[in-house]
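Participant: 3D model of this:
(chains A and B)
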Amino acid sequence: MKIYPSFRLQLRDHIPAVIIYYIVLISMALLSLALIPFMTPDDNVHVTTNGVTAVTIIFAFICSLCAFKDSFFLSIQHSVSRRTQFIARLGTLGAVCAVLALGDELYTLMLTGLGRLFPTVFSGESLYQMIYSYDGMSPKGSVFDIIFSFFSFLAVSSLGYLLTVLNYRLNKIGKVLFWAGTPIAVVLIASYISAHPSVAGIIIPFLTGLIWALFSSLPRMIISCTLLTVVFSGLTWLLMRRAGVK
Amino acid sequence: MSIELANITKSFGQVQALKGVSAVFHEERIYGLLGRNGAGKSTLLNILTGRIFPDSGTVTVDNERGTENDSAQSKIFLMSETTLHPDFMRVNKAFHWAGMFYPGFDESYAKGLAQEFGLSLKAKISGLSTGYRSIFKLILALSVNVPYVLLDEPVLGLDANHRELFYRRLLEKYTEKPFTVVLSTHLIEEVANLIEDVIIIKEGKVLRQESREELLSGGYTVSGGSAAVETYIQGKNVLGIDALGGLRTAYVLGVPEKDSQSAMDLEFGPMDLQKLFIQLTNS
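Facilitator: Below is the predicted model of the structure:
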């Protein structure tokens, strides 16, 4: 088994992107800090990084969209089976999501610290605090922030990876049908629902209820994201196990 | 110890690339995998290394399942026409990764070869010319130290000097520690003296699999005036005839009958691998 080298190979795809991402975030904060002496109270400037995890979720999704082809080809060149690649991918997924969750928390803490020094300029609140503990009902703390971020990243990254593997497996016609057909279908369905209040009356409460049932508390969110990760990863494996070099 | 392919079939849409191919690559032999364009050579090598899946049939490596098996596949290295390394990767990084995946990879030997061939270690793979891409992949193939090395069009884009250097280093490596080499190439004359066994594929089927000596000893050439040659080959198994003015050269299967009346004024010679290949694979 070549799991460890395959894990390192797949991790290599993410490391530079993650470093650059946090360099950009920190640079923006430092730039704001450097501009403080030039600000007057009349400028009314306020730097907020509330819910940076929302941005990182998009970043994690894009990262996983770009993660498949290069490492798959290089692994095949080095005689690594698809099964080993998939297992290594799960490890990479966990490692990258953990680093991102930790990175987000450190960044939020940094901004919170700056907010104490310059209360009128900086403020920082985690996405978890904004969603779950704004009312003081749910527990607060870095551990909860990290757990929330980790499971969010896990679900979106596995979705991104599933989409990129699906895209690889599809032929030209399939790609056109999927990538053009999906948004068209969404627009058509949305238009149909908005044009038919009776249908909207059924579907919208159903979706709201579903989201409430799945994500209304941190434990529910953890279970839901884990299930989504399992489903997305399972589908990825089905697509990957017979993927050939094109 | 060997790689065995049994009843491999593979289709791409309407095109049936392989039609029940069975072949064996024994250990420590140099094979020539010969076939015309589109005969199915690359498809066969890709199936053998798990890059694509056959529609039916099995691949066995040293009595182990060959497909989707890390232990079996780690004994094989395929240098293919397609470069699977990312374009942004540099040569030295590619060597680093080869070392990670193949414990037997000799990085210092690879760097030495790179210097001999004039390949810059810092060059990006995307920036390499066709010839240097081939050189880069050949260096990997010669440095991984695995029991089975498969080379698909190994000298594509290489100049004569580099081709000679490659054949020399390949033979040195083989002499030092024998391993199985499968050379899939169209430059038959260049490898004719290098290969020990020949597998000829025609239209997705194995036409011949035997040692080069056996294959060549099964036939001979006979040359002379057209009338004399025509008379001599009457009733014989003739693969083909080359004509040049009034002269004819016939490629005949069997044993030469030098003492027969019709053999007078005729010249007999050994069968040439390339000529034999052309005659065997002509439509």
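Participant: any weak-confidence spans in the chain?
Facilitator: Defaulting to chain A. A:41, A:43, A:45, A:134-138 (pLDDT under 70).
Participant: wait, chain B was what I had in mind.
Facilitator: Residue ranges of chain B with pLDDT under 70: B:283.
Participant: in the top helix by length along it, what's buried?
Facilitator: If you go by DSSP state H, chain B has its longest helix at helix B:160-176. Across helix B:160-176, burial judged by 16 or more other C-beta atoms under 10 Å in any protein chain shown covers B:162, B:163, B:165, B:166, B:167, B:169, B:170, B:173, B:174. Where you see a C-beta, it was placed from the backbone N, CA and C, and this is true even at glycine.
Participant: tell me how chain A divides into domains.
Facilitator: For chain A, automatic domain parsing gives the domain ranges A:3-169+A:227-240, A:171-215.
Participant: okay, those, which one's buried deepest?
Facilitator: domain A:3-169+A:227-240 (a mean of 18; mean count of other C-beta atoms under 10 Å in any protein chain shown).
Participant: got the end-to-end distance for that one?
Facilitator: End-to-end distance for domain A:3-169+A:227-240, by C-alpha to C-alpha, to the nearest Å: 16 Å.
Participant: wait, what's in contact with the nearest residue in space to residue A:32 that is not next to it in sequence?
Facilitator: Counting by C-beta to C-beta, 6 or more residues apart in numbering or on different chains, residue A:47 is the residue found nearest to residue A:32 once chain neighbours are left out, at 4.4 Å. Applying C-beta atoms under 8 Å, 6 or more residues apart in numbering or on different chains to residue A:47 gives the contacts A:29, A:32, A:111, A:121, A:122, A:123.
Participant: one more time with 10 Å
Facilitator: With contact taken as C-beta atoms under 10 Å, 6 or more residues apart in numbering or on different chains, residue A:47 is in contact with A:28-29, A:31-33, A:35-36, A:111, A:114-115, A:118, A:121-124.
Participant: in chain A, which helix has the most residues?
Facilitator: In chain A, with assignment by DSSP H, the single longest helix is helix A:82-117.
Participant: what is the following helix or strand past that one packed up against?
Facilitator: Next helix or strand after helix A:82-117 toward the C-terminus (DSSP states H and E): strand A:122-123. Counting contacts by 3 or more C-beta pairs under 10 Å, 6 or more residues apart in numbering or on different chains; DSSP states H and E, strand A:122-123 packs against helix A:3-35, strand A:47-48, helix A:82-117.
Participant: which SS class is the residue most central in space within chain A?
Facilitator: Centroid-nearest residue in chain A: residue A:57, 2.8 Å away (criterion: C-alpha atoms, centre = their mean). Following DSSP: H, G, I helix; E, B strand; the rest coil, we place residue A:57 in the helix state.
Participant: end to end, how far does stretch B:121-130 reach?
Facilitator: End-to-end distance of stretch B:121-130 (C-alpha to C-alpha): 16 Å.
Participant: now that stretch: how far from the chain's centre is it?
Facilitator: Centre-to-centre, stretch B:121-130 and its host chain are 26 Å apart (C-alpha atoms, centre = their mean, to the nearest Å).
Participant: what lies in contact with that stretch?
Facilitator: By C-beta under 10 Å, 6+ apart, stretch B:121-130 touches B:81, B:83, B:85-95, B:110-111, B:114-115, B:119-120, B:132-137, B:156-158.
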